[in-house]
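Visitor: What follows is a predicted structure for the sequence shown.
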Amino acid sequence: MTSCLRKRDEERMTKIVEEMVNNLKKAAEEVKDEAVEVEVVKKVEVVKEEDLKVAEKEKIKEKNEVNVEVEKAVTEEQQVVEDEKKIESLVEEKNEILEIASDAGDKGLNKTKDCENGSWSSLAQREEEKVVGPYVG
């Protein structure tokens, strides 16, 4: 009878040990699955962070490119404005020179016309009187 009891106890113990081993295996698989899920989540987060960093770098590059283009456009616009100012100043100088030349030409024509008509200006008359001298009569 003791051997029967012993045998029965061993069988119980074997069953209990097998159940414990199965439970431990299940628990280990669950922990392993959770660990894998955590790793996957971490990897996804790392990938997302890397994607964000890449996206930020691309945005920065785009902004820099836009800034360079804007600076070029501003520089070109400033150059155009400067060229226009130079052209305007040259046109003004030309107009002034033409006015001066026109005025000088008009004055020269007026003196010639006065001389042709026989009428002298008061300055010309004074000069003539100095040369001839006062009239004694």
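Guide: Structure's in. What do you need? Numbers count the residues shown, from 1 in each chain.
Visitor: Run the chain-centre distance for the longest helix seen in the chain.
Guide: In the chain, assigned by DSSP state H, the helix with the most residues is helix 2-117. Helix 2-117 has its C-alpha centroid displaced from the chain centroid by 12 Å (Cα atoms, centre = their mean, to the nearest Å).
Visitor: State the mean pLDDT of it.
Guide: On average, the pLDDT along helix 2-117 is 82.
Visitor: Against which helices or strands is that helix packed?
Guide: Helices and strands touching helix 2-117, as assessed by 3 or more Cβ pairs under 8 Å, 6 or more residues apart in numbering; DSSP states H and E, are absent. Every residue, glycine included, has its C-beta placed from N, CA and C.
Visitor: any idea how far residue 73 is from the most centrally placed residue in the chain?
Guide: Closest residue to the average C-alpha location of the chain: residue 67 at 2.0 Å, with Cα atoms, centre = their mean. From residue 67 across to residue 73, the span is 11 Å (Cβ to Cβ, to the nearest Å).
Visitor: With residue 49 instead?
Guide: Counting by Cβ to Cβ, the gap from residue 49 to residue 73 is 36 Å.
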